[in-house]
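> My questions are about this predicted structure, shown below with the sequence.
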Amino acid sequence: MIENFYDVIVVGGGPAGSMAAYAAAKKGVSVLMLEKDKEIGVPVRCAEAVGKEGIENILDDPPDPRWIDAIIRQFKFNAPDGGSFFPTLPGTGYVLNRKIFDFDLAMRAAGVGAQVVTRAYVKGLIKDNGAVKGVHCVIDKKEHSINSRVVIAADGVESRVARWAGLNTTTRLRDMETCCQYTLAGIGTPADVCEFYFNQQEIPGGYAWLFPKGEGIANVGLGIAGNFSRHKAAEARLQEFVAKRFPKASILYKTIGGVPCANRIEKISADGILVAGDAALQGNPLTGGGITTGMVGGKTAGRVAAEAVQTGDCSSTFLHKYEKEWDKRAGKAQQRYYKIKESVKKLTNDDLNAAAAKISALPPNKQTLLRIFQTLLRHQPSIIVEVLKAFRPFA
Ligand SMILES: Cc1cc2nc3c(=O)[nH]c(=O)nc-3n(C[C@H](O)[C@H](O)[C@H](O)COP(=O)(O)OP(=O)(O)OC[C@H]3O[C@@H](n4cnc5c(N)ncnc54)[C@H](O)[C@@H]3O)c2cc1C
């Protein structure tokens, strides 16, 4: 039964939305989470890799083993000329099963009292004097207008909710990666190694990945900076990549999607609204990873929304607290990663080959992320300070 008022309405049932709904409901306010798809977690548009520590720091409970398809103990970096090395990993990684993971996150939100509704498409906002006061939506083909104190826009990379609220959500084409991915079977790669391939001609402004999912299955995909896709689409590039390296593999699943590699949108809060996850462009601009950062954004947004409701002040002045907390926890790091990404994009294949040759000659314990980026960017000294700040903790 849908009520006509909730303290907090969350739009989108991805990791950011479910964390927002969980954090708000846990603080005792009424929460409605609306997801347009008929099932949470489907379709999967993701390579599903996360750092173990990142996930564990956000969740109150340890990760459920059912969420994890593969435990990653090594990375392999592949240079354009075929040279490769295995950097020292700062910790363990997971390749998730996002169907189960996303579903369980929503279930956890429901478990603490949030009402989760699927096949619920939000098509507009209720506004009063510019302040957001609820949503217009269609649930199972029936129109509803539902009022709220705070709306949390967690509607992903194609977000429209923030724009309806008057926030500027535009991104430069070059900061939006166009990605294509196949889930391949029968490729016989190690089950605990994530591979990255760099080649500025074949994969300009991005990289290709191979993330194992166990039993000879892996997510194999690539992302290129959006401004290069008019020369050749990501899918055509992936077909060539796969034909060259895995000619006998079977394609079990295909997906395409955009990945923001930007700084967050200018404003992630306004009167009666907060924006979280991909909708706020909160992903890591260097890697494109947005699961963990989206969960951080969602969790912070949910908590601040509940505090606003409990304080009786849902104005932009109070909600700005979310913006400050996000910047302190992850926004500053995001700016740093963005600058490093911009520098990495300037590297040529010759630079990448030379750096790979240098790094692979180092003893394994010296092949740290810090050393790798210092070597890669040694000709751009102005960025080294950012590299030190970003990667010294992983040295
Ligand atoms: C090919 C590819 C590979 C990737 N690989 C990785 C990876 O390995 N690691 C990583 O960390 N990140 C990866 N990402 C990024 C990651 O998938 C996203 O950053 C993450 O899903 C963001 O979570 P979110 O909750 O913000 O958005 P989403 O997961 O996109 O969830 C948004 C939800 O909102 C719903 N929605 C949208 N509009 C409406 C509406 N109007 N009404 C109701 N519901 C609505 C959508 O249906 C969706 O379920 C990848 C992305 C792609 C495309």
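Thanks, I have it.
> got the residues of the stretch 251-395 of the chain near the ligand?
Applying C-beta under 6 Å from any ligand atom, we find that the stretch 251-395 of the chain lies next to the ligand at 255, 257, 259, 277, 278, 279, 283, 288, 289, 290, 291, 294. Every C-beta, even on glycine, is put in place using the N, C-alpha and C of the backbone.
> May I have the predicted confidence score for the closest residue to residue 281 other than its chain neighbours?
Of all residues not flanking residue 281 in the chain, residue 260 sits nearest, at 4.4 Å (C-beta to C-beta, 6 or more residues apart in numbering). As predicted, residue 260 sits at a pLDDT of 96.
> What residue in the stretch 51-200 of the chain comes nearest to the ligand?
As assessed by C-beta to the nearest ligand atom, the ligand sits closest to residue 156 within the stretch 51-200 of the chain, at 2.9 Å.
> where do the helices sit along this structure?
15-26, 52-58, 98-111, 161-164, 234-245, 291-311, 316-326, 332-344, 349-360, 369-376, 384-391 (DSSP state H).
> What degree of burial does the closest residue to residue 246 other than its chain neighbours show, as a neighbour count?
Distance criterion C-beta to C-beta, 6+ apart; nearest residue to residue 246, sequence neighbours excluded, is residue 187 at 5.1 Å. Other residues within reach of residue 187 by the criterion other C-beta atoms under 10 Å amount to 17.
> quick revisit: bridging residues for the residue nearest to residue 281?
Beta bridges link residue 260 to residue 176, judged by DSSP bridges.
> Confirm for me that residue 334 is in contact with residue 284.
Yes. Residue 334 lies in contact with residue 284 (C-beta atoms under 8 Å); the separation is 6.9 Å.
> re the thing from before, of the helices of the chain, which approaches residue 1 most closely?
The minimum distance between residue 1 and the helices of the chain falls on helix 98-111, with 14.5 Å, by C-beta to C-beta.
> Other residues contacting the closest one?
Helix 98-111 is contacted by residues 13-15, 18-19, 21-22, 25, 31, 33, 35, 39-42, 44, 46, 48, 64, 66-67, 116, 291 when judged by C-beta atoms under 8 Å, 6 or more residues apart in numbering.
> I'd say residue 277 and residue 12 touch.
Yes. Here residue 277 reaches residue 12: they are 7.4 Å apart, a contact under C-beta under 8 Å.
> Point out where the stretch 251-395 of the chain drops to low pLDDT.
394-395 (pLDDT under 70).
> Now for the spatially closest residue to residue 267 that is not a sequence neighbour, how many residues are close by?
Spatial nearest neighbour of residue 267, chain neighbours left out: residue 167 (5.4 Å); criterion: C-beta to C-beta, 6+ apart. Burial of residue 167 is recorded as 20 neighbouring residues (other C-beta under 10 Å).
> from the residues of the stretch 251-395 of the chain next to the ligand, which ones fall inside strands?
255, 257, 259 (DSSP state E).
> picking that back up, make a PyMOL selection of the buried ones in the contacts of helix 98-111.
Listed next is the PyMOL selection for buried residues among the contacts of helix 98-111, using 16 or more other C-beta atoms under 10 Å:
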select buried, resi 13+14+15+18+19+21+22+25+31+33+35+40+41+44+46+48+67+116+291
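> returning to what we had before: could you name every residue contacting both of residue 334 and residue 284?
Common neighbours of residue 334 and residue 284, using C-beta under 8 Å, 6+ apart, are residue 293.
> So which of the helices of the chain is the most surrounded?
helix 15-26 (a mean of 32; mean count of other C-beta atoms under 10 Å).
> which helices and strands sit right next to it?
strand 5-11, strand 31-34, helix 98-111, strand 142-153, helix 291-311 (3 or more C-beta pairs under 8 Å, 6 or more residues apart in numbering; DSSP states H and E).
> ok, now with 6 Å
strand 5-11, strand 31-34, helix 98-111, helix 291-311 (3 or more C-beta pairs under 6 Å, 6 or more residues apart in numbering; DSSP states H and E).
> and that helix, is it in reach of the ligand?
Yes. Remark: helix 15-26 sits within contact range of the ligand at 15, 16, 17, by C-beta under 6 Å from any ligand atom.
> How far off centre is that helix?
Between the centre of helix 15-26 and the centre of its chain there are 16 Å (C-alpha atoms, centre = their mean, to the nearest Å).
> So which residues make contact with it?
8, 10, 31, 33, 105-106, 108-109, 112-114, 152, 154, 276-277, 291, 294-295, 297-299, 301-303, 305-306 (C-beta atoms under 6 Å, 6 or more residues apart in numbering).
> Let's see that with 7 Å instead.
Applying C-beta atoms under 7 Å, 6 or more residues apart in numbering, the contact partners of helix 15-26 are 8, 10, 31, 33, 102, 105-106, 108-109, 112-114, 152, 154, 276-277, 291, 294-295, 297-299, 301-303, 305-306.
> Return it as PDB; C-alpha atoms alone will do.
Coordinates of the C-alpha atoms in helix 15-26 are reproduced here as PDB (Å, rounded to 0.1, in the frame of the first residue of the first chain):
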ATOM      1  CA  PRO A  15      23.800   0.700  -4.500                       C
ATOM      2  CA  ALA A  16      23.500   4.500  -3.900                       C
ATOM      3  CA  GLY A  17      19.700   4.400  -3.500                       C
ATOM      4  CA  SER A  18      19.600   1.300  -1.300                       C
ATOM      5  CA  MET A  19      22.300   2.700   1.000                       C
ATOM      6  CA  ALA A  20      20.400   6.000   1.200                       C
ATOM      7  CA  ALA A  21      17.100   4.300   2.000                       C
ATOM      8  CA  TYR A  22      18.900   2.100   4.600                       C
ATOM      9  CA  ALA A  23      20.700   5.000   6.300                       C
ATOM     10  CA  ALA A  24      17.500   7.100   6.500                       C
ATOM     11  CA  ALA A  25      15.200   4.300   7.600                       C
ATOM     12  CA  LYS A  26      17.700   3.200  10.300                       C
END
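> Perfect, I'm done here.
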